[in-house]
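> Mind looking at a prediction? Sequence and model below.
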Amino acid sequence: MSHVYSKESREKRIIQSTQSLLIMPTVGEFSALMYESDWVKRYAPLYNKKLRRSKSLFTIEFKAEDQSGYWQAHVKAMNDVTRCFNDQHFGLFLRRDAAINYLRSLVKDHRICGKRLGLEKGSKACFQFQIKRCPGACVGKQSAQSYNQELSALLSRDQLSPWPFNHPVALIEASYEVGYQAKHIIDNWSYKGFYLSAIDNPNTNALKTISDNKPVSSFNRDDYHIIKRAIHQALKCSDTHSLDSNKSMLTLEILNNYSYS
């Protein structure tokens with residue numbers, strides 16, 4: 001056990017407070033990630049705060065407020081998830097102040113005008129312009145087109161992606177190593193559950209849910225990112241018909257007439 005006590009103090013506390021280990025076999029990585037996301041939210045472990053459940057979710061909407069055409073930021077609570085997935089909304093934040101800090105980082109680290117973003121009020125130039133760290137969007141020295149293009153480039157990786165299908169989809173995760181496949185049902189970025197069956201006998205069983213406590217229409221930030229990556233992976237594999245016997249593989253199926261109610 002000598003290696004245990006050479007760990008950092010935080011790791012020591014984790015090890016010393018562990019009473020038992022539960023091993024959950026899954027078909028593949030996607031299933032494991034969905035279980036992890038749900039279990040952390042359900043049990044709120046002391047040392048994993050990143051994936052915990054949040055009662056609120058915020059995003060930032062960027063739009064031109066007047067004829068000048070400069071984009072201004074508006075932090076919004078995501079009361080209606082479906083309306084927030086378009087080309088004007090960026091980022092998913094657990095707290096309003098986290099969204100504000102994100103905007104402040106654009107000003108501090110990327111020389112974006114704080115006044116045009118809506119972080120500063122008044123009729124004069126923004127503070128950053130006075131210390132020569134703003135290109136001058138606040139006083140008209142930087143055009144709206146240049147300002148918006150620069151802002152758009154910085155925001156691109158955080159843009160919320162609209163649901164790319166007209167119907168629910170099934171992410172089919174199969175592994176010959178374990179002999180099973182899981183058919184995960186997803187609609188509008190919300191995870192509905194999965195069907196588990198043997199690969200050589202893919203009969204339809206009852207829809208299973210990761211958690212009995214999770215509403216069937218639930219949406220959360222962690223699931224969104226996990227699902228988005230998985231769909232991207234499945235689409236990349238859509239032209240691949242061979243399956244490595246030592247790995248699981250994701251494929252995608254559009255469910256035109258599916259009902260999960």
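Received, thanks. Numbers count the residues shown, from 1 in each chain.
> mind listing the helices for the stretch 1-150 of the chain?
Along the stretch 1-150 of the chain, counting by DSSP state H, counting those that start in this stretch, helices occupy 9-17, 29-43, 96-110, 114-117, 127-130, 144-155.
> Which among those helices is found nearest to Asn257?
helix 29-43 (24.1 Å; CB to CB). Every C-beta, even on glycine, is put in place using the N, C-alpha and C of the backbone.
> May I have the residues that are in contact with Pro162?
Taking CB atoms under 8 Å, 6 or more residues apart in numbering as the criterion, Pro162 is in contact with 85-86.
> and it, which of the three is it?
Put simply, Pro162 is coil when judged by DSSP: H, G, I helix; E, B strand; the rest coil.
> one step back: quick check: which of the helices of the stretch 1-150 of the chain is buried the most?
Ranked by mean neighbour count under mean count of other CB atoms under 10 Å, those are led by helix 114-117, which reaches a mean of 23.
> Please work out the average pLDDT along that helix.
For helix 114-117, mean pLDDT rounds to 96.
> List of residues touching that helix?
70-73, 103-104, 106-107, 120-122, 125-128, 134, 137-138, 147.
> Does Ile185 belong to a helix, a strand or coil?
strand.
> before we move on, what about the one 10 residues further on?
With three-state DSSP as the basis, Tyr195 sits in strand.
> Which residue, neighbours along the chain excluded, lies closest to it?
Lys183 (4.3 Å; CB to CB, 6 or more residues apart in numbering).
> circling back: compare the mean pLDDT across the helices of the stretch 1-150 of the chain and name the weakest.
helix 9-17 (a mean of 76).
> In the chain, what residue spans correspond to strands?
Assigned by DSSP state E, the strands in the chain fall at 58-64, 71-77, 89-93, 169-175, 180-187, 190-198, 249-254.
> partners of the first one in the sheet?
Paired strands of strand 58-64, with direction, are strand 71-77 (antiparallel), strand 89-93 (antiparallel) (DSSP bridges).
> would JSON lines of these with mean neighbour count, distance to Ser190 and mean pLDDT be doable?
As requested, the strands paired with strand 58-64 are exported to JSON lines (neighbours: other CB atoms under 10 Å; distance: least, CB to CB, whole Å; pLDDT from 0 to 100):
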{"stretch": "strand 71-77", "mean neighbour count": "17", "distance to Ser190": "18", "mean pLDDT": "95"}
{"stretch": "strand 89-93", "mean neighbour count": "21", "distance to Ser190": "14", "mean pLDDT": "94"}
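> And those: which comes nearest Ile231?
Going by CB to CB, the one of these nearest Ile231 is strand 89-93, 16.6 Å.
> okay, now the domains of the chain?
14-42+163-261, 58-158 (automatic domain parsing).
> Next one: Pro168, what pLDDT does it get?
93.
> now Ala44
Per the predicted model, pLDDT is 73 at Ala44.
> With Asp38 as the reference, measure out to it.
Separation of Ala44 from Asp38 (CB to CB, to the nearest Å): 12 Å.
> and if you look at Lys228?
Lys228 sits 17 Å away from Asp38, going by CB to CB.
> go on, Arg95?
Arg95 is 21 Å from Asp38, by CB to CB.
> beta partners for Lys63?
Residues in beta-bridge contact with Lys63 (DSSP bridges): Gln72.
> do the same with Gln159
Beta-bridge partners recorded for Gln159 (DSSP bridges): Phe90.
> For it, which residues are in contact?
Counting by CB under 8 Å, 6+ apart, the residues that Gln159 touches are 87, 89-90.
> how many other residues sit next to the nearest residue to Asn188 once chain neighbours are set aside?
Distances taken as CB to CB, 6+ apart place Trp163 nearest to Asn188, at 4.7 Å, with adjacent residues excluded. Per other CB atoms under 10 Å, the neighbour tally for Trp163 reads 17.
> related to what we said a few turns ago, nearest approach to Cys237 belongs to which of the helices of the stretch 1-150 of the chain?
helix 29-43 (12.3 Å).
> follow-up on the earlier one: looking at the helices of the stretch 1-150 of the chain, which is nearest to Ser190?
Closest among those, using CB to CB: helix 29-43, at 12.0 Å.
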